[in-house]
Structures are given as C-alpha cells and as structure tokens.
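**Student:** Sequence and predicted structure below; questions after.
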Amino acid sequence: MSILSVFILFTSIIGPHFLNSLISLFPLLFIVGMFFKLRNPIFLTVFLALLFQWLQINIKLIYGSLTNSTLDVQFSFHKDDEFIYQANYISNIGLIFFSIGIYLPLKKRFANFDILKEISFDYDPKKVLRNYILFSLGISFLLAFRNSLPGINTIVTAFSKLKWGLLVLTFVYCNFFNESKKVLYFVLVLEVFIGFTGYFSGFKDIILIVVIALLSLQNQLESKTILKFSVIFLFVLSFGVFWTAIKKDYREYLSGGERSQRVVVDKSDAISEFFNQASEFSLEDVGFATEALLDRVSYIEFFSIVLRNVPQYIPYERGEIIKESTFFYFKPRIFFPEKAVVDDSDHTNKYTRLELWDNGKASHSIGFMTDAYIDFGVYGMMVLLMFLGVVFGWSMNFLLIKSPNMFWGVLFIVPFYFLLSVYSFNMMKVMGNFITYIIPILLIRKIMFKIFNKYFLR
C-alpha cells in the first residue's frame, strides 16, 4: 500500500489533476492505517470493503494520471464537467468520515485480534470443509426457489451471506492444520468456474473472500507473499477485462433474450456458451473492455450532476431519504400493501433530471453518499456518514461480543464486506442490506450455535 501511495503522490505531481489526486491519498492512508492488519479477518473485511469504495471514487484519477487525461473527457455517459472534480473530493472526504465512524467502536477490543492465536483446536478442519460444501449446496438450492416460497426471501438472503464467513474459516482451518487443502482448492476452483454460469459475476466474490483468508494467514508481507498477491491481482484484473468484454452477449444468452436477470438455460449450455464466447475474445477487445471496466467501477458521475441540481433547482430533503430508507424495511408488505416498490432508476432520475430507465437487466443507483448530500448538503452529509459508520462498527462490535466464541464471531462478521462495499448503492439499498442481515442474525444466532456447532467439532 505504501507503493501505491508513493505512485499516487508522484502521478499527482505530473498528472492533470494535482489537487484531487493529493486529496485522494488521505482516505487511502486512513483506510490502510486503521484497517490493514494481517491475521485479523475482522479488520481485513472492512479494509477491502473500504478500499473498493476508494477505487470507485478514484480509479479514473489514477487512469487519468497514467494517460494524462482529465476526468471530464473520460466518462462515456452522464456527468457534469463543471462538478466532476468536486464530486470526487467530496466523496473522498466522506469516505474518511465513514471510515472513522466504523473504526471507533471496533478499535478497543479488536484492533489487535489475531485469528491464529485465537484459533480453536476443538473444531475439525475436515468437518468445517464438509459443512462449507453442504451449506453452499443448500443455499444455492434455497436461493433458486426463494421467490416461490413466500415469507422466506429475507431469511434466506441473510443466511446466504454467512457462506462467506464460513469460507474464510474453512480456508484458515485447512491451511493452519494442513488438512484437506487439495479438496478445498478443488472446491474453490469449481465454484469460480460455476460462477461464470450465473447472470451475475459470482466468481469475483469468491476471489475477494479468499484474499481476506490469505491475508488472515500472513504474519508479514514478504517478497514471496507480495508476488503471490500480485499474481492474484493480475488474474482478477485480466478476468475483469475478459468478463466485461463478453458479459453483454453472454447475459443475453443466459436470459434467453428476455428483459430479466434470470438464467433460463441449463448450466451445461451456459458453460458451452461461455467457452464459445472465450474463443472469440481477441486482443482487439482489450482496449474497449478496459475502458468499459473503468466506467463500471467508477461511480461519481451521478454525484456530479446532483451537485448542479441540489440545492439550486431541487431543495435539500432534510433527512427524508435516510428516514424512508430506514423505516421502509420495518414495514412488512403483508401489513403495508400500499408500500411502494423500490426503483433505483426512478430515484436517480428525480435528482439528476435524466431519463434513465430500468430495462429489466440493469438499474441505475445514485450512490449512498449522493443521497447523504441530497439530505443534508456537504457539511451535514459528513455527520450522517460518520454516524452510519458508527452504526456499522457498533453492530460488528456487538455481534463479536455476543458470539459464543471467535469462530462464530468471524462467521458473522465477514459478510459485512458486502454491507460496506456500497459506494454505488443508494441509501435505500445500503440500509436494506444492513437491516435484513443484522436483525435475522441477532435473533437466531444462539439457536444456530446450539443446533449446528456440534457438527464442526472433532
């Protein structure tokens, strides 16, 4: 990370956006300083989630410094040239406040947590691996039929996130005790491969969680370890470019040409089509796919448009967005049948004055920091972002303290990666993901321990 910081500092001097590049260093240094702690999956989960947010804010600054191109010429779609740099530095400052908020409740008890010192010899690596496989299969089955079984969608979605905590534990236990590693690696390769047969790029989630697990096993970053992670980074980047190049046509095939996000073909047909698309991939596709991937990751353009519109043409909402986002999920549709259906594109259109529409395959989220700005303006949004960070950090701290042991604590905490890597999500989704995970887990964590813990023991 120090290499990246030096690189950004150097390119900020010679690049076309000196001040913004310099400002982008501060949240990166905060994130690294507070959360990059080897052998600590609790803090590493937060670290990678916030690092992804940082990339969503700043990846085009880095690209612009490398290519000597300003932000206003990089975005292919909607943006406001006059406010694009302002959206960038406000987001960077907001990320600092959000990060500090998460850190404060966690630092006292868990900043020095070391999973290898806390590892329990009572748990059997082979049984942990077996249960990970069974859990993955069971959750895949339930997710496939969750919409057919009224009332279980929320609980199934919450449970499905626990897979990622169990994956970290499986990886750590198998490697620490040097047992069943070949089976583990075979299962992971198979999962990555199967991830390409779904509408969404599920393979990237597995890779990111494995990175958390790998860092949780490292005592220090030696040259050999850095080389290993460099290879993983290049692998992920290459696959990201490749996936970006083929995903439009591939998803069209998976959905049968329908305007939906459902897979209507068999997995064997999906695999066959995947290899067909791969065989047609050429070097000519790399340039286009790279720019498309940058557009996909970067997410400050809507914020730039909102900065022009709010409050000049549209008044601040004075907390209505965060209030509605919070209470929306405490109103079961069975008791509140008039509850509106969430439409990201409609919400974005309201404040950007664009005419985006949901074609059944993609929606357009405005981003939770943008929503915080719409509610309270620049200064007020910083207070809200820090408060949200404290809520997330306190919830993590509470789950860890109330867990029967650290095995189950890590199991519950790793899913927070998907609750925190949310710069591109609107406030409604951020609060929804958080509430629909934390409440079910808090309610049934003790029952889960009593029923399932014995199946992990030697």
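**Tutor:** Great, that's in hand. Residues are numbered from 1 along each chain as shown.
**Student:** Distance from the strand or helix carrying I438 to the middle of the chain?
**Tutor:** Per DSSP states H and E, I438 falls inside helix 427-452. Computed by CA atoms, centre = their mean, to the nearest Å, the chain-centroid distance of helix 427-452 equals 17 Å.
**Student:** repeat for stretch 379-395
**Tutor:** Centroid displacement of stretch 379-395 relative to its chain, using CA atoms, centre = their mean, is 18 Å.
**Student:** what is the mean pLDDT for stretch 240-249?
**Tutor:** Regarding stretch 240-249, the rounded mean pLDDT is 79.
**Student:** Check which residues of that stretch are buried.
**Tutor:** Neighbour-count burial for stretch 240-249, counted by 16 or more other CB atoms under 10 Å, picks out 240-247. (Glycine included, C-beta is placed from N, CA and C.)
**Student:** now these as CSV including distance to K79?
**Tutor:** Shown next, in CSV, are the buried residues of stretch 240-249 (distance: CB to CB, whole Å):
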residue, distance to K79
G240, 22
V241, 23
F242, 27
W243, 24
T244, 20
A245, 23
I246, 26
K247, 23
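**Student:** Just these: which are in helices?
**Tutor:** In helices, judged by DSSP state H, the following of those are found: 240-247.
**Student:** Show the average pLDDT along stretch 402-420.
**Tutor:** 96.
**Student:** Tell me where the model's unsure across this protein.
**Tutor:** Residue ranges of the chain with pLDDT under 70: 1-15, 76-77, 146-152, 154, 196-202, 255-264, 332-334, 337, 358-362.
**Student:** And the longest helix seen in it, what's buried?
**Tutor:** As assigned by DSSP H, the longest helix anywhere in the chain is helix 368-402. For helix 368-402, burial by neighbour count (16+ other CB under 10 Å) applies to 368-376, 381-382, 384-386, 388-393, 395-397, 399-400.
**Student:** That one vs helix 427-452, what angle?
**Tutor:** Angle of helix 368-402 versus helix 427-452, following axes from the mean of the first three to the mean of the last three CA atoms, to 10 degrees, is 20 degrees.
**Student:** hmm, who's touching the helix or strand following helix 368-402?
**Tutor:** Counting by DSSP H and E, the next helix or strand C-terminal to helix 368-402 is helix 406-413. Contact with helix 406-413 is made by 41-42, 45, 113, 115, 118, 120, 123, 162, 165-166, 168-169, 396, 399-400, 403, 441, 445, 448-449, 453, 456, as judged by CB atoms under 8 Å, 6 or more residues apart in numbering.
**Student:** swap in stretch 340-352?
**Tutor:** 78, 302, 305-306, 309-310, 314, 328, 354-358, 363-366, 370, 374, 426, 428-429, 432.
**Student:** One more: stretch 384-397?
**Tutor:** 42, 46, 94, 97-106, 109-110, 322, 369, 372, 375-376, 413, 416, 419-420, 430, 434, 438.
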